Structure formats: C-alpha cells, structure tokens
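1. Fold the following and give me the result.
(chains A, B and C)
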Amino acid sequence: MSSTRPVEAPDLLAISNLSLGFSTLDGPVRVLRGIDLTVRAQEKVALVGESGSGKSVTARAIMGLLPERRTMASGSIRFAGRELLGRPAEAEALRGREISMIFQDPTASLNPFFSIRQQFRTVIARGGARHSAEAAEQRMRQALRDVSIPDPERVLGSYSFQLSGGLNQRVMIAMALVNTPKLLIADEPGTALDVTVQEQTLRMMRRLSQQNGTAILFISHNLGVVRQFADRVYVMYAGALVEEGPVQRIFTAPLHPYTRALLASVPRLARPTIPTGIEGSLPDRLKPIQGCAFRPRCSLSISACASEVALVAGAEGHRAACVHVVPPA
Amino acid sequence: MIRRVRLANVAAFLAARVGAGLLVVFGVSVLIFVLARAMPGDPARLALGPAATAAQVERLRADMGLDEPLLYQYVTFVAGALRLDFGTSLFTNRPVIADLAYGFPASLELALAAGMVMTIFGILLGAVSARFQNRWPDNVSRILSLIAVAMPNFVWALILMLLFAYWAELLPVSGRLSERLQAPPFVTGLVTVDAVLAGQWATLGDALRHLALPAVSLSLPGLAQVARLTRTNMVDVYARPYTEFARAYGFSEREISVKWALRPALIPTFTLLGMQIVALLGNAFLVETVFAWPGMARYGVEAILRKDLNAIVAVVMIVSVAFVVINIAIDLCVSFIDPRIRLQSAR
Amino acid sequence: MTASPEFWRAMRRYAQDPMAVLGAAIVAVLVLAAILAEQVAPYPAHAGAFVDFVNANRPPDATYLLGTDGIGRDVLSRIIFGYRTSLVLGLTVLGIAVPLGTAAGLVGGYAGGRAEAVVMRITDVFLALPSLVLAMAIVGLFRPSQILAMAAVAAVWWPWYARLVHGMVRSIRLEGYVVSARLIGASPVRIMVGEILPNCAPTILTKFSLDMGLVILLGASLSFLGLGAPAPIPDLGTMVADGANYLPDQWWLSVTAGGAIFLAVLGFNLVGDGLRDVFDTTG
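-> Residues are numbered from 1 along each chain as shown, chains lettered A, B, ... in the order given. Got it, this is the predicted structure:
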C-alpha cells in the first residue's frame, strides 16, 4: 500500500539477539529467546502471534517498562543508534518524546482520577517546548480535532469513565502523536473495542503517523488487520521469531507451518468453511525449549525439529525458522 | 449546571451515609441498653454499697427508673440521651455529662494528634515503600510496620515512657500540662489550640511535650496499618494500565508517586481509615490509663472498673457517635477526591 | 490423606518466603512451650501462688533468665504459662467466633433479602464500636473472669467473619458451579457447605491466623486494664500492668511480658501474611 518509501531508510529501531526472562516464585521463566527485529524510519512493521508469545513483552522491553529487578535480559535494543537495554535513564528520556505507545484498552489506560485535560497537559509538557497555558490549551484542542473529536472542550473536561471506549481510544492516539514521536508502538490497539470502531481508529492512526512521519510497530494477533496495515511482518511463537518478511509474501507464500496455521484461522466472509483453530497450546514457560517450539503442535514435525532451528533466508527478505524451508539456490 | 449536578450527587451520597449512621447509633443504643439491663446484681445496691438500707436502695431504684417496664426505660433513656442527659454518675454523684465534658476535650486533643500522626506518616511511609518496592526503604519500612503492628499499644506506651521520660528525661512521664503552668483560657478545650489562641507559647511547648508520647504511642499500630495498606494499594495501582500509560508517556517516576498513583491509592486507604480511627479510639482507653491523661477514655475505664452504669452507657454512646461522625467525614473526603463518586449518580 | 498438587505447590511457595517461615517457627515454638509448660518452664511452681521474698525483684541473670517479679516468681516461667492462657483464649474465642460469623455470613450472603439486611445491620452495630471498648463494657458490666473475657471477645469478633464471608458469598454465588448446583436441585445448605464454603476456606484460614495475634492482643489489653483472668493465673497483660507499677526500676517486668505478647502477635501475623501471599497468587 505504502511501498512508495525507499526500503533502504536507516534503521530507527534495531533489536538484536534479545533474550529476556523473569524470576517468579515458581522459578525463572524465559519469555524472549533471541529476537532480531528492525523498524526503519517511517516504516510500518507488524509483530504477530498468539497471546503469550512475547509480543507485548517485546514492546515493553523497548519502552524500558519492564520491572528491572525481576527481569534478566541480554542482547541489544538500539534506538536511533543509542543502546536502551539495561539503561533505564536512556529509555526514560525517549518516552513520550521520541517513542510513544498506544495500549490495548484505552479506558483502563487513562487515569480515572484525573480529567483528560490534566493528563493531556502533562503529556504536552513532556514534549519539551515551553507552552503558555493558553498555547497548551490550543494544542490539546487541535490534537483532539485531528482525531475527529468535534467537541474537544467537553472531552478535555471529562474523565475517562465518562467517555466511550472509542472516544478514549482517539484521545490516546491524540496524546501519542501530539509530540510527533519518531516511533509509535501500538500494542493490540482497540482489541477491547468493537470492530468498526477499531477500524476507524486504525485508519486514523495510520493517517496521522503518515503526516508526522512516525514509524509504527504494530502488535497484533489479528492477521486480517495486519494485512491492510503493515509493510513488513514478524511472526512470533513462544518467545522466538519464526518468520519475517514483506506483508504480501507472508500472506501469499507463508513458509512456516505456524504462520500457515495462523492464516487458516483467520475468518473470511468469502470462505464457506469455519476457520480451523490451532490444536494444542503454547509450551509450558517454566520448562526449557529444545529445538522448534512449535513441534508438538505441528503436523509436519520430523526428528530434525528436535535440534536447534535457525532462521533460513528465502526470497525478498523473507525468512523462516523451519527445517522444511529450502533456501533459494 | 455541572456544579449543581455534582453537589446534588454529593448531597444524596451524604444523606445516605447520615441515614446509615443514625441506624448504627440506634443499634448501639439498643445493644448497650440490653447489656446494661442484663447486668447481674442491682446497680442501685452497687452504687450505694453494702452499708445502705433497703429503703435507700429502693428510693434510688425508683429515681433511676429501674422499676418501670423495659420499653419505657429505653424510651426514657433515649429521650435523655438526645438531650445529652445520661443521668447521674453512681460514683461521682455528678451528672455524667458534666464529667464527660471535662474529659472530652482532652481525649479529642489526643485522638486528633494521634490521628494526624497516623494518617500523615502512615501514608508517607506506605508511599515510599511502594515506590521503592523490595528495595531497602521498603524493607526497612515493612519491618518497622511489622513491629509497630504486633506490639500492643500499652507496651508501646510503657516502652516510650521508659526510654524518653524515665531514662532520657526528655519528656514528661504523665499528665497534660506541668503543674507550675496554668491552663490557657478555655476556648476549644484543646490546650495546644487554646495556648496558640492566647499566644502563650511556653504553655504550648509544655502541652506539646506532654502530648508527644501519648500521641505517638497511640498512633503507632494504626500508623503501621495505614502504611501497610497504602503500600498494598499503591503497589496495586502501580500495576494498573494507567500507571504503565503514565510511564510510557514519560511522566516522571517522582510525579507518578506523589500524584498519578497516589490519589487512586488513597481512596481505599481512606475508606479503611475509619476502621483505624475506631481502633485508635479503643486504644485511647489503654494509652490514657498509662499516661494518666485526664480524658474521657480513662474516665470510661474507671467507670467500668467501678461498675458506674450510667457513665459506661454514656461513654459507649459517645464513642459510637464519634465513629459515625468520623466515617461521614471520611466519606465526604473520599467523595471529593474520587471523581467517580462525585460525577456518577448512585447506581 | 492425599494432599493435592496445588497444596504442595502452595507449601513450596510458602517455604520460599523467609518471613513466613520465621513466623511459622515462632508460632511452633510458642505453641510447643505452652503445651509442655510444666516440662519447659524452669520453675513450674512459680506459675501459681508462689512467694519467695528473698529472691524478689531480681534483674535478669543466669538463674532467672528474665528476672523475678515483686514476690520472687520467675518471669520466664510465668511468661511460658502466660502463653498457655493466651493461646487458650485465642483458640476458644476464634473457635466460637469463626463458625458463628461464617454461618451468619453464609446465610446472609446466600439468602439475600431480609435475612441479609438483618445480619448486615447487626454487624454494622458491632463494628461501630472499638472491639476493646465493647469487650470492656461486656466484661465490666458482669464479673471479670477468664471465661467471661473469652465470651466477650468472641461476641465482638464474630461480625468480622460475617462481613468477610458475606462479601465472598456475594461475589461467588452467581458463579457457574454454584448456579449449576442449584439447577440440579442441590439444597441450599448443601450448596453453602459443599460449594461455597470450600472457596472461602483459604481466606478464612488467612484471617484466622492474623486474628489469633489480634485476639491475643485484645485479651492482653483487657487483662492489662484488670478485666482479665483473676490474680494467680499467669496472664501476659496482667504481668505488664503489674510491672508498670515498678517502673522505671524493675523495668524488665513490663518489657519482657510486653515483648512476649509482641512475639506471639508477630508470629501469627507473619504466618497470616505468608498464607495470604500464597493463596492470593494461586487463585
């Protein structure tokens, strides 16, 4: 859709070999196992997987929002060349300015004890530039009009619990983009809302980020949405990437059995059959994973799947971690 | 327009609370009346002692209305209580209300001081704990809280007395004011406030020195509970999506801990503060006894030990009214800091 | 008796919390000492009406580890027997208050309507007075004795359980398994005891442990004011009060007895906190 931009744009976000674990009362849990992921400037990248696959943790690791003391991490997260992993001050300096985030449940994400105005004003102040109260007010109203809110004055004076989920979603988008960040992380935006509202807000988010030149890392379990939205897709399973590639390749020629299963489970109006879900469940996170994590649920599994499987490069930047993938000659 | 809606909400909310409070006071009056009448032995005989003649006892029984039917006695009791007439103390032979009027301001002063120490330092300690969760400030504050909660109030009182009054000789052992000083002119009955109003700074200093140990020992267990509660609530708020949102948008951690996370956490703390204040009123009976504080609670303890029926009933009624008033005040505070109560009509 | 895997998992989690383990150790030592008081107390005879003026008011030393009181009785021995008094009080009070309050809460919460209103208004009245004041009034109006003190504390304690259980019943009575039990025609008693009660059990157990400490504290407060067990019976609260008369010279009398109360309350609190953490996270 928006492949007019040069693919060679510099890496805005570069995650390499990111592994992450939490210590819990039941013992250590490995959540991410060697993630490599890049987002170029102004690019729209989707990160897809079932809930529990580690998508949201990846987002929070980038933002530096994970509890430091219980988290064990290795690898690297670079934003515009600066290392963020293990440097909470660096991440904090970027939050709300260079990177911002949209959350799954907008109503729960806005503080119900403070008016929208009180929260929005703090967001604007975070942008750095000094604004007079009057100028800040103008910016807030304009930002709300930009997300098609016709009566900003009423919304600013309200509390989140007085507004609909869709309205809260727009408020959050306005807050996320008001300081023109370079990267917007959208963690399953609008999953808590109904489908039409979700559609609207996604379109709004795309339009505004395009205007501002903001790159988007879009996290979702919904492949249908991803297809319309993203330039490139990463597919995640049990804390590791199993496939990555341009959006058309992923949808037309998926390589990994898990991706295929995910695609098969997308409901379509044009298809008479009820989509098949994926049999089985994610592996126990307390137990170490040997070889391909998808093996127990995979109909194609062979003995080679029990040993470590690396990402194999296919055509057009398409890669997948499956023993059945044959690299092009 | 909006303002009027808000006030209407708050008024409806308040009316419901006052109604519930009246019901509680009514229930307490029945309970204490039944208890007082179920008491074994003849209160008139008890008051007059074994030396009194049967005729004297009979006369006092008639005076006290003990020969009337129970329902009549109850109605008389309530009618009197509404006029603050709780009868005569069987021990001091003065109207109970006169005895109480003397002790009440002293108790109020102590309870207010302890309540303020408890609330302010409890919330502060809890908030610090939550912000530095599982790090040393948290561990120190949690250990202090554990100790403060588990140590009985009267033991705190005795230990503090031993340390600061007897050994270090920094503070007076007991009483409300040194004997060489005259109490300031009566305005509120709170010696500290009256001293300020009269501009008697030396008296104020002396009163504060007398107040320090009783107030601190009275506040400690409640303070620890408030701290624990605030910590729990705040840890809960820290885990909410809106706190993550605040962090993701670059709100500073300091600002989150004093504003964005503190206010939501204070609401459950405030609603349970009522409980803590009730416990504090109860513990005042112990602390006033230890420090010979001339208050209503010590009077109550003496009344109980002397089986001074009317005085016991009066003290219990006043404590229950205090409970209701305090809880309504707290609810009012909560309704002003919680927009959900202020803005949503009662469902 | 085969315990479920969840039980062992809960125990493992409990064992990983050092404070909770410390609490369990304190409670175990105190309970054992109280049961075996005759065997472990250095001078068991000192628990009763014993007088030895020669050795009166001795500060702690090797013979009398915690010193002696005004009439020459060994403080440590009296503390050990005092624990017996305290623990008996705690168990008796909760033995009465917990079933009573639980039953009231179950009935009120499950039946709803008028029964609920009556139960809740009654608990409101009891909770509007500090437990100490109400218990004092009850004991004071009658005659101070150990039995009466227990009855009075139980009388002020049951409403807490009624409230707690009521709240839980309200939140689970519309859960699927309760509704389906009702649909297949199980009797209300059976549903309450068989379906609802097991779900309340962890919370009740946690509160039970925390309350053992609080009841011991309340009992000690009563006897501190002279409303507890009468004279020769060793009672920690009475010991603190007696010791207070000898302040500041024989300071160890109050401080050791007070410390003994503190230790017991601390132990039960730690166990209660530990249990709450375990149950909270296991669901």
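2. near chain B, which residues of chain A?
-> Chain A has residues A:60, A:63, A:65, A:69, A:92, A:95-97, A:100-101, A:103-105, A:108-115, A:122-123, A:126, A:159, A:161-162, A:172, A:175-176 near chain B, with proximity defined as C-beta under 8 Å from any C-beta of the partner chain. Placement of C-beta: from N, CA and C, glycine included.
3. Show me just the buried residues among the residues you listed.
-> Buried subset of the residues of chain A next to chain B (neighbour count, 16 or more other C-beta atoms under 10 Å in any protein chain shown): A:60, A:63, A:65, A:92, A:95-97, A:100-101, A:103-105, A:108-115, A:122-123, A:126, A:159, A:162, A:172, A:175-176.
4. Any residue of stretch B:170-185 touching chain C?
-> No: Stretch B:170-185 does not reach chain C (C-beta under 8 Å from any C-beta); its nearest approach is 8.8 Å.
5. who touches that stretch?
-> Under the contact criterion C-beta atoms under 8 Å, 6 or more residues apart in numbering or on different chains, stretch B:170-185 has outside partners B:106, B:161, B:164-166, B:191, B:194-195, B:197-198, B:200, B:202-203, B:206-207, B:209-213, B:291-294.
6. which of the residues in that stretch are buried?
-> Within stretch B:170-185, the residues that qualify as buried by neighbour count (16+ other C-beta under 10 Å) are B:171, B:172, B:173, B:176, B:177, B:184.
7. give me every residue that touches residue A:65.
-> Per C-beta under 8 Å, 6+ apart, neighbours of residue A:65: B:244, B:247, B:248.
8. can you do 6 Å?
-> If you count contacts by C-beta atoms under 6 Å, 6 or more residues apart in numbering or on different chains, residue A:65 has them with residue B:247.
9. Name the SS class of it, please.
-> Using DSSP: H, G, I helix; E, B strand; the rest coil, the structure places residue A:65 in coil.
10. Same question for residue B:63.
-> Residue B:63 - assigned by three-state DSSP - is helix.
11. Neighbours of it, how many?
-> Neighbours of residue B:63 under the rule other C-beta atoms under 10 Å in any protein chain shown: 11.
12. wait, which of the buried residues of stretch B:170-185 is closest to residue C:264?
-> Checking those against residue C:264 with C-beta to C-beta, the nearest one is residue B:173 at 28.2 Å.
13. For that closest one, grab phi and psi.
-> Per-residue torsions, residue B:173: phi -70, psi -40 (degrees, to the nearest 10).
14. ok, now residue A:74?
-> Torsion angles, degrees, to the nearest 10, at residue A:74: phi -140, psi 160.
15. was I right about it contacting residue A:17?
-> No: counting by C-beta atoms under 6 Å, residue A:74 stays clear of residue A:17, with 7.5 Å between them.
16. ok, back up a step: so of the residues of chain A next to chain B, which ones are in helices?
-> Using DSSP state H, the members of those that fall in helices are A:60, A:63, A:92, A:108, A:109, A:122, A:123, A:126, A:172, A:175, A:176.
17. Among the residues you listed, which pair sits farthest apart?
-> Farthest pair in these (C-beta to C-beta) is A:92 and A:108. Separation: 22.6 Å.
18. At the contact with chain A, which residues of chain B appear?
-> Residues of chain B lying close to chain A (C-beta under 6 Å from any C-beta of the partner chain) are B:241, B:242, B:245, B:247, B:248, B:249, B:250, B:251, B:260, B:263, B:264, B:339.
19. so the first one touches residue A:111, yeah?
-> It stands for residue B:241. No: the criterion here is C-beta under 6 Å, and residue B:241 misses it with residue A:111 at 9.4 Å.
20. Enumerate the residues of the stretch 51-200 of chain B near chain C.
-> Counting by C-beta under 6 Å from any C-beta, the stretch 51-200 of chain B sits next to chain C at B:150, B:151, B:152, B:154, B:155, B:158, B:162, B:166.
21. ok now do the fourth one, which residues does it touch?
-> Just to be clear, that refers to residue B:154. B:286, B:290, C:224.
22. if we take these, which one ends up nearest to residue A:205?
-> For these, the nearest to residue A:205 is residue B:286 (62.2 Å; C-beta to C-beta).
23. residues contacting the closest one?
-> B:153, B:154, C:221.
24. Distance check, residue C:258 against residue C:26.
-> Between residue C:258 and residue C:26 the computed distance is 16 Å (C-beta to C-beta, to the nearest Å).
25. So which of the two has more stuff around it?
-> Shown here are residue C:258 and residue C:26; by other C-beta under 10 Å, residue C:258 has more neighbours (26 against 19).
26. Looks like the more buried one contacts residue C:241 (just checking).
-> No: at 10.3 Å, residue C:258 does not count as touching residue C:241 under the criterion of C-beta under 6 Å.
27. returning to what we had before: of the residues of chain B next to chain A, which pair is most distant in space?
-> It's B:250 and B:339 that sit farthest apart of the residues of chain B next to chain A, by C-beta to C-beta, at 23.9 Å.
28. residues near residue A:66, how many?
-> Using other C-beta under 10 Å: residue A:66 sits among 18 other residues.
29. Over to residue B:61?
-> Residue B:61: 15 neighbours (other C-beta under 10 Å).
30. What sits closest to it if chain neighbours are left out?
-> Excluding the flanking residues, the one nearest residue B:61 by C-beta to C-beta, 6 or more residues apart in numbering or on different chains is residue B:44, at 4.6 Å.
31. Please spell out the segments of the stretch 51-200 of chain C that come in under the pLDDT threshold.
-> By pLDDT under 70, the stretch 51-200 of chain C contains no weakly predicted segment.
32. Quick check, the residue in chain C closest to chain A?
-> residue C:13 (5.2 Å; C-beta to the nearest C-beta).
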